[in-house]
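A.B. asks: Compute the structure for the input listed below.
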Amino acid sequence: MKTRIAILSDIHANLAALKAVLAALDAQQVGQILCCGDITGYGPYPAQCIHLLQAVNACIVQGNHDAAVANRLDPNSFSAAGQSAIEWTATTVSDKERNWLAELPLIVRTDHYVLFHGSLCDPLWEYIITPLTAYAVFKKLEGDVAFFGHSHLSGAFIFRKEQAKVSYQSGGEQRLKLEENTQYLINPGSVGQPRDNDPRAAFAIAELTSNEKWVQFHRINYDIEQTRRAIIAAHLPQSNADRLLHGI
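C.D. replies: Residues are numbered from 1 along each chain as shown. Predicted coordinates for the structure are as follows:
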């Protein structure tokens, strides 16, 4: 039985990046794929990314871009580039795809992990980017491990209960050993639009059921120019294409 799980997030309609990540997973003996939301937004292939994740039977939560495309969130709360892509996406996906996005859960809880996009606190679309915001989420976390996205930054916030202190470890391509009496908020980074100055697609693989529990952060190259050309051809904001070159 394959017990490893893959964690993806913030694909943002970047089909080339998603295909590269899924191809890499073929050699990793992964039994399940999790997605922390934002399949859509910014990029040119929202429907294709939806269908690809459906095909691999991924467990997916709703991201804020997905919610906006599904008319569950006001697009005026986004940046100009984000709003433009949401409006374009809403006219591109089918009613069936839009309804599917609308029905995605906000939070998934299992015996081994919790899965969400932004936060467990109100507002749910809050960014967990500081120890202070992470601490507030740890107070609401049931269990030891949660996977989240939204910030596009790979890494983990770590709460050692004996010390009552939150620390942070960046992701990159490191392996994080999961210790007893410790809680973790783990962000795999963004598949389709990294923002940590590394343009490569980010994802993570975790082993949570063996005696030795760990999370391995990964980065992988993909055809950035293919996505850039498609963004420009779709008349989406030029900034959505250019930022892919630098991972910002």
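A.B. asks: Show me which helix runs longest in the chain.
C.D. replies: Longest helix in the chain, counting residues (DSSP state H): helix 80-92.
A.B. asks: what helices or strands is it leaning on?
C.D. replies: helix 46-55, helix 64-69, helix 238-242 (3 or more CB pairs under 8 Å, 6 or more residues apart in numbering; DSSP states H and E). Glycine gets a C-beta too; all of them are placed from N, C-alpha and C.
A.B. asks: Straight-line length of stretch 205-224, end to end?
C.D. replies: 23 Å (CA to CA, to the nearest Å).
A.B. asks: now stretch 197-210
C.D. replies: 33 Å.
A.B. asks: Report the buried residues of it.
C.D. replies: Neighbour-count burial for stretch 197-210 flags 198-206, 208 (criterion: 16 or more other CB atoms under 10 Å).
A.B. asks: okay, among the residues you listed, which ones form the most distant pair?
C.D. replies: Of all pairs drawn from these, the one with the longest distance (CB to CB) is P199 and L208, at 29.2 Å.
A.B. asks: where's the helix or strand just after the longest helix of the chain relative to the chain centroid, distance-wise?
C.D. replies: The helix or strand immediately downstream of helix 80-92 is helix 95-102, counting by DSSP states H and E. Offset of helix 95-102 from its chain centre (CA atoms, centre = their mean, to the nearest Å): 19 Å.
A.B. asks: and if you look at stretch 126-144?
C.D. replies: So, by CA atoms, centre = their mean, the centroid of stretch 126-144 is 16 Å from its chain's centroid.
A.B. asks: Kindly report the same for stretch 88-104.
C.D. replies: The answer for stretch 88-104 is 18 Å, by CA atoms, centre = their mean.
A.B. asks: buried sites along it?
C.D. replies: Under 16+ other CB under 10 Å, the buried positions of stretch 88-104 are 88-90, 92-93, 97-98, 100-101, 104.
A.B. asks: Same check on stretch 224-237?
C.D. replies: Buried residues in stretch 224-237 (16+ other CB under 10 Å): 224, 227-228, 230-231, 234, 236-237.
A.B. asks: Same list, the residues you listed, but as TSV with pLDDT and distance to I248 please.
C.D. replies: Listed next are those as TSV, based on pLDDT from 0 to 100; distance: CB to CB, whole Å:
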residue	pLDDT	distance to I248
I224	98	13
T227	98	15
R228	98	14
A230	98	19
I231	98	15
A234	97	21
L236	97	17
P237	96	14
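A.B. asks: and the longest helix of the chain, C-alpha only, in PDB?
C.D. replies: C-alpha atoms of helix 80-92 as PDB (Å, rounded to 0.1, in the frame of the first residue of the first chain):
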ATOM      1  CA  ALA A  80      -6.200  44.500 -10.700                       C
ATOM      2  CA  ALA A  81      -4.200  41.600 -12.400                       C
ATOM      3  CA  GLY A  82      -6.000  39.100 -10.200                       C
ATOM      4  CA  GLN A  83      -9.400  40.600 -10.900                       C
ATOM      5  CA  SER A  84      -8.800  40.700 -14.600                       C
ATOM      6  CA  ALA A  85      -7.900  37.000 -14.700                       C
ATOM      7  CA  ILE A  86     -10.900  36.000 -12.500                       C
ATOM      8  CA  GLU A  87     -13.300  37.800 -14.900                       C
ATOM      9  CA  TRP A  88     -11.600  36.100 -17.900                       C
ATOM     10  CA  THR A  89     -11.700  32.700 -16.200                       C
ATOM     11  CA  ALA A  90     -15.400  33.100 -15.400                       C
ATOM     12  CA  THR A  91     -16.200  33.500 -19.000                       C
ATOM     13  CA  THR A  92     -13.900  30.700 -20.100                       C
END
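A.B. asks: Can you pull out the residues in contact with stretch 164-174?
C.D. replies: Here stretch 164-174 makes contact (CB atoms under 8 Å, 6 or more residues apart in numbering) with 131, 134-135, 138, 153-160, 176, 187-189, 196, 198, 202, 204, 216-219.
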